[in-house]
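Enquirer: below is the sequence, then the predicted model.
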Amino acid sequence: MRQENMRRLISVASLVIIMLVFGLTSDSFFTADNMLNILRECAVTGIIAIGVTFVIITAGIDLSTGAAVGFAGMLCANLLYNYQLSAGLIMVISILTGLACGVLNGFIVTKLRVPEFIATLSTQYLFRSMVFVFAIREAGVISNKKIEDPGILIMGGSINGIYLVTIAFVLLAVIGQIVLKKTKFGTYVYATGANRKSAELSGINTDKVRWMVFILTGFLCGVAAIFQIGRVGSVTTDLGTGLEFDIIAAVVIGGCAFAGGRGDVFGSAVGAIFMAVLQNGILKYNLPTAAQLVVKGVVIVIMIIFDAVYNDIMQKRIQRKAREDDTESAKMAGGEA
């Protein structure tokens, strides 16, 4: 618990530092409008990062999230354009599509025993191909039609200046944190990631847990797709492209360990805000696109390297403490004899 609190503090401190750097070098950074914009920009990444947090805590990975968002979004746009379905039905279809993606990922990983990296990299290509299958075409040419349904467009709107997607992100993050920290399922998630064999010996169905976290992630991809198409007002074939890397970076920056067994939704939410602040701050320097990508990449790499070094140091401390405890116990046993 002490280690987790320290890692959480480091994540928050990193966010504060980068905000101060951008705030001191740009007069427009700490404006109310820009802060609200940052919270909107981080929300889609943050919503999906909630699910990916569960996946990574179980020592898994999901590389298909961006493509799943693109698939759900394009399918909904196609159905809106060709069949004029109601907004409510479109939202249900988006969520069901995301759930189907999660079910498929979980099935491949737990039933076919394909490693998560290979499984979700494969489904990433599958879901991305479905984007082109359902792309709206006119005379055989892909056409990016505007979405005019007010029931969908309202999802990109706001209440008293606070965007609906931001509100959804906060509510889902709170629910996710409670599930992870206060429920039996959350305990199973941590146990599965910390030591899968020990978890199985204690009666936990680790395959079921791993399948469920992929389903959860798919569900959140479907939810995120609704807000994304509502905000943009159209769907292009590159919807969600590269999103999975921002999500994974946010989760790792927030304190989740790829080895599993550590992290929480709060940290991932901080990581998502960090990513949005980084992107927002870089844009204010009016750097060329290539330079923006380089700066963003360098900062992310530094954060990930720091996390790896920190994890290694903490693990060695834990092992050293365990050896000291064993030595002390042996001495006490010898003294009693």
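Expert: Nice, thanks for sending it over.
Enquirer: and Leu180, that's in a helix?
Expert: Yes. Residue assignment for Leu180, taken from DSSP: H, G, I helix; E, B strand; the rest coil, places it within a helix.
Enquirer: any stretches of the chain with poor pLDDT?
Expert: In the prediction, the chain carries residues with pLDDT under 70 at positions 1-3, 330, 333-337.
Enquirer: can you tell me which residue is nearest the centre of it?
Expert: Closest to where the C-alpha atoms of the chain average out (CA atoms, centre = their mean) is Ala49, at 1.6 Å.
Enquirer: from Arg137, how far off is that residue?
Expert: When distance is defined by CB to CB, to the nearest Å, Ala49 is 33 Å away from Arg137. To be clear about C-beta, it is placed using only N, CA and C from the backbone, and glycine gets the same treatment.
Enquirer: do the same with Thr65
Expert: Relative to Arg137, Thr65 is positioned 26 Å away (CB to CB).
Enquirer: out of those two, which sits in the more crowded spot?
Expert: Thr65 (33 against 11; other CB atoms under 10 Å).
Enquirer: which helix or which strand is home to Met91?
Expert: If you go by DSSP states H and E, Met91 is part of helix 87-110.
Enquirer: sorry, back to before: pretty sure the residue nearest to the centre of the chain sits against Gly271.
Expert: Yes. Between Ala49 and Gly271 there is a contact under CB atoms under 8 Å: 6.8 Å.
Enquirer: what do those two both touch?
Expert: 250-251, 254 (CB atoms under 8 Å, 6 or more residues apart in numbering).
Enquirer: what residues of stretch 254-263 count as buried?
Expert: In terms of neighbour count (16 or more other CB atoms under 10 Å), stretch 254-263 has its buried residues at 254-258, 260-263.
Enquirer: got it, and stretch 141-154?
Expert: Of the residues in stretch 141-154, those with enough neighbours to count as buried (16+ other CB under 10 Å) are 147, 149, 152-153.
Enquirer: next, the distance between the ends of that stretch.
Expert: Using CA to CA, to the nearest Å, the end-to-end distance of stretch 141-154 comes to 29 Å.
Enquirer: now do stretch 252-267
Expert: Across its full length, stretch 252-267 reaches 9 Å end to end, with CA to CA as the criterion.
Enquirer: also stretch 175-195?
Expert: Between the start and the finish of stretch 175-195 there is a gap of 25 Å, counting by CA to CA.
Enquirer: centre of the chain to that stretch, how far?
Expert: Distance of stretch 175-195 from the chain centroid (CA atoms, centre = their mean, to the nearest Å) equals 16 Å.
Enquirer: for it, buried residues please.
Expert: 176-177, 179-180, 186, 188-194.
Enquirer: okay, the buried residues of stretch 141-154 in CSV with distance to Leu293 and secondary structure next?
Expert: Rendered in CSV, the data for these read as follows (distance: CB to CB, whole Å; DSSP: H, G, I helix; E, B strand; the rest coil):
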residue, distance to Leu293, secondary structure
Ile147, 29, coil
Asp149, 34, coil
Ile152, 31, helix
Leu153, 31, helix
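Enquirer: mind putting those in a markdown table, distance to Leu79 included?
Expert: Listed next are those as a markdown table, based on distance: CB to CB, whole Å:
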| residue | distance to Leu79 |
| --- | --- |
| Ile147 | 11 |
| Asp149 | 11 |
| Ile152 | 11 |
| Leu153 | 16 |
